[in-house]
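Enquirer: I'll drop the sequence and a predicted model, then ask my questions.
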Amino acid sequence: MAVIAALQGLTPAFRRRIRLRRQSLALSAVLGLCGALGFAGGTITPALAQQTVNYRYNPLPPKPPKPPRPQNNDGQMLVRATEVNYDYNNSRVAAVGNVQIYYNGSTLEADKVIYDQKTKRLHAEGNVRLTDIDGKITYANLLDLSDDYRDGFVDSLRLDTADRTRMAATRADRTNGDVTVFQNGVYTACAACKDNPKKPPLWQVKGARIIHNQTEKMLYFEDATLEFFGHPVAYLPYFSTPDPSVKRKSGFLIPSYQSSSRNGFGVEVPYYFALAPDYDATVTPRYTSKQGLLMQGEFRQRLINGAYEIRGYGIRQDDPSKFLGEPGDREFRGGIDTKGQFALNDKWVWGWDAVAVSDKAFFYDYNLGPYKNALNSFLLVPDTGLSQIYLTGVGNRSYFDARVMHFLGYSAADDQGQIPIVHPVIDYSNVLNRNVLGGEFSYKANFLSLSRQTASFDAINPTASLSGWCTPTSADPTKKIPANCLLRGIPGDYTRLTAEVSWRRSFTDSIGQIFTPFASLRGDLISANIDNQPGVEKYLPVGSTQTARLMPTVGLEYRYPFINVQPWGTTTIEPIGQLIIRPNEPSAGRLPNEDAQSFTFDDSNLFSVDKFSGYDRVEGGGRANVGVQATTQFDRGGSINFLFGQSYQLFGLNSFAVQDLTNTAVDSGLDKARSDYVARIAYQPNRIYSVIARTRLDEATGAVRRFELEGKANFDRFGLSLLYGNYDAQPELGFLNRREGIVATGSFKVANNWMLSGALRYDITNNTVNQYIVGAGYVDDCFIIAANYITDYAYTSANYTTPVTDHRIMLQIGLRTIGSSSFNTSQ
C-alpha cells in the first residue's frame, strides 16, 4: 500500500509512463481482460497499473522458464516478459525482453512486442517465433499483424509446419485473412541438415511468388524452379499443389510416361476428383504415339463397414497390325475390373473381385491391371484374372469360407473353355472348446461344384498330339491311362461334398513316453456328368456318375524325447513312430481329380495322416511313418535341427502307386512298399545366418531324387538369400530331364538411404538365366527415386505358344507433398 500511495503522489505526466521490472513477471491480472494486448481489443486502465505495482522484483532477473503452452484459455491471455511499458498518450503497450504471449492455443515469442490500440496492430521484432494451435511455426525478424491475424506482413520469414514442411521468404504479406503471398519464396518437405542447417535441402522449389490460399488450401507457384542440392534441374512458369494439410483435393496429378515397341511413347495425366469425403474418382487419359488415346477411369467409395472400387479402360487402336496374329489384333480393346469388401460384424466379411477384358493380352500389352507395376512381372503375376464373390467368417477356433469363382486366362496358351467355373467352393472347420473323451474333437467340411466346357489335356511326351486329345501309346497294356498325356480337367460338371470328424488325445507316462491315439471318419458324396469328348473315355467313363466314399481311420503316434543338458546347450533326441490303420481308397484313380494334383513327398508331410494336397484323393491302406528328430539349443544363441525318416505301406492298396488322370504321386517316392528316405537339417547360429537343406534319397540305391539348399544372411546393411534346387526327371509328369537351378536375391544398403537390390533365376541344366532384376533406389522422409531393369517371359509370337524374352525398365520419382511420377519402357 505504501508503494501505491507513493505512485499516487507523482505528477500525472510522470505517472503516464511507468516501467516495471520483474523477475518472472506473469501478468495474471491481464488474463481477465480477454486479451488486453490487442488479440481482443482490450484496454489498460490506471487502476490496473496501480494493481501491477504490488509485484516484488529482482534487479538481476534470470530468463523466465517456458511453461506448457495452453491449448485454449477461453479468450484470455497470458503474457511473460522482462519488462512491460505502458504509453497512455499513444495508446500503446510494449513487452520487452524474452516476450512470451499465450492466447487461445497460439504462442508468440519475440525480443519485443508492441500493441497499438488505435490501429489495432501487433508489432513483433527480434527472434520472432509464432506457433499456432495446429503446430505451425513461423520464424521472422519482423512481424506486423492486425489483432485478428487477418492482415499483415513478415520480413525474413521461415515457416515450419506440423507435417514437417518448411517455407522461407524475404517477405510475406497476408490479406483478407486467408491469402498469404511469399516474395522470393522457397518450399520443401525435407528436413534441414543437422550438421549444416544452411546447406540446401535435397530438393526445394523456389518461386518469385508463392501464394497460399487458406480457403482453397492451395499453394500456387509462379516463375518456379525445382532444385536438387541447390542446383536447378527444371523450370516451371506456373504450377499449383494442395497445401500439406490437404489429404484429398481435386486437380491434376503428376504425369507418368511409358514407352514400348508396339505402342510407342505414351504420356498419361490423371485428373483427380475429390467428390465427397467418402468417395472420389480419377480420370486418366493416356496418349500413345502409335495407338492413340487410351482412356482410364477409377471410382472409389468407402462406406461405414467397407469399401469398393471400379476401374475401366478403353482404346480404339490406330494400328492394330502391331499385334498381328495375336489377341490384340483388333480395333477396340478395353476392360473393367472391380473389387470390394465389407464387414458384417467383427467375425464376418463378404466381398468380390471381378475382371472382364476384350482379350486376354490387353492388360499385359498396355501395362494395366496386375501388370501396372513392372516389378509384378518378376513377382509371379497370376496367370489368370480372378472374378469371385466370397463370404468369410473366423471364430476363436472355427473358420468358414464360401466363394464362387471364374478364372480368366492371361497366359498365351490358355484356352478359356478349359478353365473351370467354380460354383461354389465352401470350407468349414471347427475345434470344440471342450474335451470329448478327454481329447480334442474337431470337424470340417468341404463342398465343391465346378463345370468346364472343354477337356484340358496336358502333353507329357513330345510325340503327343495337341490337336484335340492324346493318343494312347503306352507299351504296358495293363495301364488304362495313356502314357503320353494327362487329363488335367474333365469336361462337364463335377460336384463333391466331403465331411470329416477327428479326435485325438495325448498321454505321457511316468518315463516320459508320449502316446497319442487318434481316429477320424471321412465321407464323400460325388456326382460327375462327364461330356463325351474325344479321348476322355481313355481316362474315365463318360456320362453321369454318382458314388459315395467312406474312409474310417484309427492310429497311434508315439514319441519318446531324450533330453541332454550340457554347459553349452540342451539337446533333445526324439524318436517318432506313427501307425495308421484304414481300408483301401475307394475307386482309387477312377474319379475326377481337380484339387489334389500337386504332390511332393518331403519332411513337411512325412507324419501327415493323409498326404494328398486336396479332397479329391484320399490316402488308403495301412501305413507306418517312422523317423527321428534331434534339436540342439545353444546357450549362447543358435540352434540346429535334424529330421530323418521313412514311410512303409503295411497292407492294402498303396494310393500313391495308383495311376490316375494326372499321375498324382506317381514316382513320388511313396509309390512303393518302402518309401524313399526324406531328411532335413536346419542350422541357425545367430540372427544373421540361417541354412536349411532338404533331400529325398532313393530307398534302394541312395541316389538323390530331390535336393534343396536354402541359405539366408541378413546383416545391418546387407541381405542375401540363395535357393539351390536339384530334381530328378519325372517323365510320368512331363519332366523328361533332370532339373537344376538357382534362385538368388540380394540387397545392399550402400548408405543410410541408398539401396541396391537384385534377383535372378539361373537354369544350370541349360546354362541360361531365365529371369533377373537389378534395381537401385533412394528413400528418405521427403524423396524417393527407384530404377529397375527387369527381364521375364512374354508370349508374343505369331502362334502364341513360344515365349520370348521381354525387357523392361522402370523409373519412379516422388516428392513428398508434391507427388510422384514414373516412366517405364518395354521391348
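Expert: On my side now, so go ahead.

Enquirer: Settle this for me: residue 205 is touching residue 223, isn't it.
Expert: No: the pair residue 205 / residue 223 is not scored as a contact, 11.0 Å apart, by Cβ atoms under 8 Å. In short, each C-beta sits where N, CA and C put it, glycine included.

Enquirer: Give me the common contacts of those two.
Expert: Contact with both residue 205 and residue 223 is made by no residue, according to Cβ atoms under 8 Å, 6 or more residues apart in numbering.

Enquirer: in the stretch 701-827 of the chain, which ranges drop under the pLDDT threshold?
Expert: 793-804 (pLDDT under 70).

Enquirer: how distant is the helix or strand hosting residue 155 from the center of its chain?
Expert: Per DSSP states H and E: residue 155 is located in strand 152-160. When distances are taken as Cα atoms, centre = their mean, to the nearest Å, strand 152-160 is centred 41 Å away from the chain's centroid.

Enquirer: what sits against residue 774?
Expert: Applying Cβ under 8 Å, 6+ apart, the residues near residue 774 are 757, 758, 788, 789.

Enquirer: and the first one, bridged to which residues?
Expert: Under DSSP bridges, the beta-bridge partners of residue 757 are residue 747, residue 775.

Enquirer: The third one too?
Expert: Beta-bridge partners of residue 788, counted by DSSP bridges, are residue 775, residue 810.

Enquirer: Surely it is in contact with residue 775?
Expert: Yes: here residue 788 reaches residue 775: they are 4.0 Å apart, a contact under Cβ under 8 Å.

Enquirer: Now for residue 568, how many residues are close by?
Expert: 10 (other Cβ atoms under 10 Å).

Enquirer: shaky segments in the protein?
Expert: The low-confidence ranges in the chain, as defined by pLDDT under 70, are 1-75, 147-150, 373-384, 462-483, 793-804.

Enquirer: Okay, helices next: where are they in it?
Expert: 2-8, 12-15, 46-52, 362-365 (DSSP state H).

Enquirer: Quick check: beta-bridge partners of residue 458?
Expert: Beta-bridge partners recorded for residue 458 (DSSP bridges): residue 486.

Enquirer: That one touches residue 489, doesn't it?
Expert: No: under the criterion of Cβ under 8 Å, residue 458 makes no contact with residue 489, lying 9.2 Å away.

Enquirer: More neighbours: which of the two?
Expert: Taking other Cβ under 10 Å, residue 458 and residue 489 do not tie; residue 489 has more neighbours (23 against 19).

Enquirer: The strand holding residue 155 pairs with which strands?
Expert: When DSSP bridges is applied, strand 152-160 pairs with strand 137-146 (antiparallel), strand 166-175 (antiparallel).

Enquirer: can you tell which of the ones you listed is closest to residue 585?
Expert: strand 166-175 (71.9 Å; Cβ to Cβ).

Enquirer: ok, and what's touching the closest one?
Expert: Here strand 166-175 makes contact (Cβ under 8 Å, 6+ apart) with 145, 149-160, 180-190, 192, 201, 210.

Enquirer: C-alpha coordinates for it, PDB please?
Expert: Below are the C-alpha coordinates for strand 166-175, written out as PDB (Å, rounded to 0.1, in the frame of the first residue of the first chain):
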ATOM      1  CA  ARG A 166       9.200 -25.700 -44.500                       C
ATOM      2  CA  MET A 167       8.900 -22.400 -46.200                       C
ATOM      3  CA  ALA A 168      11.100 -19.300 -46.300                       C
ATOM      4  CA  ALA A 169      10.700 -15.900 -48.000                       C
ATOM      5  CA  THR A 170      12.300 -12.400 -47.900                       C
ATOM      6  CA  ARG A 171       8.800 -11.100 -47.100                       C
ATOM      7  CA  ALA A 172       5.300 -12.400 -46.600                       C
ATOM      8  CA  ASP A 173       2.100 -10.300 -46.900                       C
ATOM      9  CA  ARG A 174      -1.200 -11.500 -45.600                       C
ATOM     10  CA  THR A 175      -4.500 -10.100 -46.800                       C
END
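
Enquirer: ok, back up a step: export the strands paired with strand 152-160 to TSV and tack on distance to residue 244 and mean neighbour count?
Expert: Shown next, in TSV, are the strands paired with strand 152-160 (distance: least, Cβ to Cβ, whole Å; neighbours: other Cβ atoms under 10 Å):
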stretch	distance to residue 244	mean neighbour count
strand 137-146	13	19
strand 166-175	10	19
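
Enquirer: Need these in CSV (columns: distance to residue 93).
Expert: Listed next are these as CSV, based on distance: least, Cβ to Cβ, whole Å:
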stretch, distance to residue 93
strand 137-146, 15
strand 166-175, 22
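
Enquirer: ok so, going back, higher neighbour count, residue 205 and residue 223?
Expert: residue 205 (23 against 12).

Enquirer: mind listing what the more buried one touches?
Expert: 186, 187, 188, 221, 224, 225, 226, 227, 818.

Enquirer: neighbours around the closest residue in space to the fourth one that isn't next to it in sequence, how many?
Expert: Right, the one you point to is residue 221. In this structure, residue 221 finds its nearest non-sequential neighbour in residue 207, 4.2 Å apart by Cβ to Cβ, 6 or more residues apart in numbering. The tally of other residues near residue 207 (other Cβ under 10 Å) stands at 23.

Enquirer: Repeat that for residue 766.
Expert: So residue 766, with other Cβ under 10 Å, has 12 neighbours.

Enquirer: how much space is there between it and residue 734?
Expert: 16 Å (Cβ to Cβ, to the nearest Å).

Enquirer: Would you enumerate the residues in contact with the nearest residue to residue 214 once chain neighbours are set aside?
Expert: Spatially, and ignoring its direct neighbours in sequence, residue 214 is nearest to residue 178 (4.3 Å; Cβ to Cβ, 6+ apart). By Cβ under 8 Å, 6+ apart, the residues touching residue 178 are 213, 214, 215.

Enquirer: wait, what's in contact with the first one?
Expert: Residue 213 makes contacts with 178, 179, 220, as judged by Cβ under 8 Å, 6+ apart.

Enquirer: so what's it bridging to?
Expert: Beta-bridge pairing for residue 213 (DSSP bridges): residue 179, residue 218.

Enquirer: What of residue 101?
Expert: Bridge pairing for residue 101 - DSSP bridges - gives residue 79, residue 108.

Enquirer: Tell me, how many residues neighbour it?
Expert: 26.

Enquirer: so who does it touch?
Expert: By Cβ under 8 Å, 6+ apart, the contact set of residue 101 is 37, 77, 78, 79, 80, 95, 107, 108, 109, 113.

Enquirer: And the strands in the stretch 351-500 of the chain?
Expert: Ranges of strands within the stretch 351-500 of the chain are 384-394, 398-409, 421-431, 440-452, 456-459, 485-489, 492-504, based on DSSP state E, counting those that start in this stretch.

Enquirer: now residue 353: how far from residue 406?
Expert: Per Cβ to Cβ, residue 353 is found 10 Å from residue 406.
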